[in-house]
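Undergrad: model this:
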Amino acid sequence: MESEVNNESKALKDEAKPEDSVEKQVVAGNTTLIVRKEEDSPSIEDFHNNDNKILSVLNEAGSNYSFKGLMRKLNLHQQSLSRALHRLEEMGVVEKSPVGYRLSGKNAIARVDFPKAKGREYTQLMQTYIPVSVKAGEIVRHLIGRWFKNLRWIGMIESGTGYTLQWASDDGTFQINLRMISDYIVIETNASSEKEKVQAMVGSYAIYEQITKAMQSKLGAYMDRQLFSSGHVNN
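TA: You can find the predicted model right below:
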């Protein structure tokens, strides 16, 4: 009788917890990922050390990183990164987007609160206003994937409040972030030495020049439309 009760209790537990909805934790350094394991999804044991490093970077909502960007950010060899990405794509955890690699929606991975990794503090280099007629997405399209001076493209994070575009110096010693929030653009760097700061300023001015060109083009088209609609067009 006791055996039958135990079996019935076990059956009720199994029924309450479907086999295709299992959650397990993956720990990568300071990052804890919750993997909701669907049927035929990868086992937690399938994740390698480099896989976890990639997931810890892509885990932030809206993250898209280029192959070269991941190489620079994680300091991984090209072949090691390629194998890890291929493995994660085969698992259905990572997919390639038009602007880089990102987490796939096939196997949901959610971030749990964790301490931020320690690193250099960022200092603001410049801030500028975005005219109402210029959409942030239009500026982003002019900057994605571009290199400026000694700055190499890393990737982009898109959130509900705006965009963060990232570049790193060609030697990997410092990084530049361009944050677009509301009607403002902020460019910041974690450069520390005087040489790095000079290089960061030169690179940031090159980025700003490209932004100015994008704004001028958009504003020019906007003014033409305004003149046409008001009838002030020379015949």
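Undergrad: pretty sure residue 200 is touching residue 124, no?
TA: No: no contact is recorded between residue 200 and residue 124 when judged using C-beta atoms under 8 Å, the distance being 11.2 Å. All C-beta atoms are positioned from the backbone trio N, CA, C, and that covers glycine.
Undergrad: These two: which is more packed in?
TA: With neighbours defined as other C-beta atoms under 10 Å, residue 200 and residue 124 compare such that residue 200 has more, 26 against 11.
Undergrad: check contacts around the more buried one.
TA: Going by C-beta atoms under 8 Å, 6 or more residues apart in numbering, residue 200 touches 125, 169, 174, 176, 189, 191.
Undergrad: buried ones in whichever strand or helix holds the first one?
TA: It stands for residue 125. Here residue 125 is covered by strand 123-129, with elements defined by DSSP states H and E. With burial defined by 16 or more other C-beta atoms under 10 Å, the residues of strand 123-129 counted as buried are residue 125.
Undergrad: for the helix or strand just after that strand, which positions count as buried?
TA: Using DSSP H and E, the helix or strand that follows strand 123-129 towards the C-terminus is helix 136-143. Neighbour-count burial for helix 136-143, counted by 16+ other C-beta under 10 Å, picks out 136, 139, 140, 143.
Undergrad: which one among the residues you listed gets closest to residue 185?
TA: Minimum separation from residue 185 among these (C-beta to C-beta) is found for residue 139, which lies at 7.5 Å.
Undergrad: how far away is the closest one from residue 169?
TA: As defined by C-beta to C-beta, to the nearest Å, residue 139 lies at a distance of 22 Å from residue 169.
Undergrad: repeat for residue 200
TA: Distance of residue 200 to residue 169, computed by C-beta to C-beta: 8 Å.
Undergrad: Quickly list what's touching both of these two.
TA: residue 191.
Undergrad: How about residue 51: what's its closest non-neighbour residue?
TA: By the measure of C-beta to C-beta, 6 or more residues apart in numbering, the closest residue to residue 51 outside its immediate chain neighbours is residue 84, 5.2 Å from it.
Undergrad: Show me how this structure divides into domains.
TA: 16-111, 123-229 (automatic domain parsing).
Undergrad: State the mean pLDDT of the longest one.
TA: Domain 123-229 comes out with an average pLDDT of 87.
Undergrad: Same check on the first one?
TA: Within the predicted structure, the mean pLDDT of domain 16-111 is 73.
Undergrad: The protein: strands as residue ranges?
TA: Read by DSSP state E, the chain holds these strands, from start to end of the chain: 22-28, 31-37, 63-65, 94-97, 100-103, 109-111, 123-129, 151-159, 162-169, 175-181, 184-189.
Undergrad: Need the CA coordinates for the longest one. PDB is fine.
TA: Presented in PDB, the C-alpha positions along strand 151-159 are these (Å, rounded to 0.1, in the frame of the first residue of the first chain):
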ATOM      1  CA  LEU A 151      38.500  52.400 -33.400                       C
ATOM      2  CA  ARG A 152      37.100  49.000 -34.400                       C
ATOM      3  CA  TRP A 153      33.400  48.200 -34.300                       C
ATOM      4  CA  ILE A 154      32.300  45.800 -31.500                       C
ATOM      5  CA  GLY A 155      28.500  45.800 -31.300                       C
ATOM      6  CA  MET A 156      25.300  47.400 -30.200                       C
ATOM      7  CA  ILE A 157      22.800  47.100 -27.400                       C
ATOM      8  CA  GLU A 158      19.200  48.200 -28.100                       C
ATOM      9  CA  SER A 159      16.900  48.800 -25.200                       C
END
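Undergrad: hmm, back to that, and the angle from the strand holding residue 125 to strand 175-181?
TA: 30 degrees (axes from the mean of the first three to the mean of the last three C-alpha atoms, to 10 degrees).
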